[in-house]
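Trainee: Predicted model follows, preceded by the sequence.
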Amino acid sequence: MPRQPDPGLEDRILNAAHTLWKRGGEKALTMRAVARAAKTNTPAVYRRFKHRQDIVRALLRRTQDDIRKSLEACRTIEAMGETYLDYALSHPHEYELFYASVRVFSPPSRDGRLRPIRESRPNLGLMEKRLAERLGGAPEDHTRLALALWAVAHGTATMLLTKAIPSGHEAELRAAFSASVKAMLRGASGIF
């Protein structure tokens, strides 16, 4: 009797890969470990994901979707910044995946021209849209401000995750982050 396809196997594989990534980052994610954690065999994993990078891509899409859902639920740009930091701190391995994988999954265009950054970073497009709603103009008018806000958020998240500041100063850094976001928004409000 032929084997019946398991409709839930792909989700089990991705959930297992997510658990492994969460525990040990990229080093923990091998095809054999994923198969074992998903309670299947390695050939079954390879039938659904030809390469380990395909699993990483699928995990990256999940992480992007999670972050996007969190950010879409925010009512203000300031809240988006705080939510971004909270996500990074509560999901450090996913955050690592989010940033480490952009080099792998965002190759340059074939004709050598720069692609809009929002193509590889859809959450940047969401920020541009929110900035346009708040400040006026078109979303594309706010790319630099969105990049500046992202840079401050990513820098703050990275400093907190790597413990690059002396212990006990985390709240001070977060307060500085909030003040920076407010100052940038205040400065930009006179543009339009």
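Mentor: Good, I have the coordinates.

Trainee: Next secondary structure after the lowest-mean-pLDDT helix or strand in the chain?
Mentor: Within the chain, no helix or strand scores below helix 102-105, which has a mean of 53 by mean pLDDT, DSSP states H and E. Per DSSP states H and E, the first helix or strand lying C-terminal to helix 102-105 is helix 122-135.

Trainee: Please identify the buried residues of that following helix?
Mentor: Neighbour counts over helix 122-135 (16 or more other C-beta atoms under 10 Å) mark 123, 124, 125, 126, 127, 128, 130, 131, 132, 135 as buried. Every residue, glycine included, has its C-beta placed from N, CA and C.

Trainee: Output that helix as CSV - backbone C-alpha positions only.
Mentor: What follows is helix 122-135, C-alpha atoms only, in CSV (Å, rounded to 0.1, in the frame of the first residue of the first chain):
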residue,chain,number,x,y,z
PRO,A,122,8.6,45.0,4.2
ASN,A,123,8.4,46.4,7.7
LEU,A,124,10.3,49.4,6.5
GLY,A,125,7.4,50.0,4.1
LEU,A,126,5.0,49.8,6.9
MET,A,127,7.0,52.5,8.8
GLU,A,128,7.1,54.7,5.7
LYS,A,129,3.3,54.4,5.4
ARG,A,130,2.7,55.2,9.1
LEU,A,131,5.1,58.2,8.8
ALA,A,132,3.1,59.5,5.8
GLU,A,133,-0.1,59.1,7.7
ARG,A,134,1.3,61.1,10.6
LEU,A,135,3.4,63.7,8.8
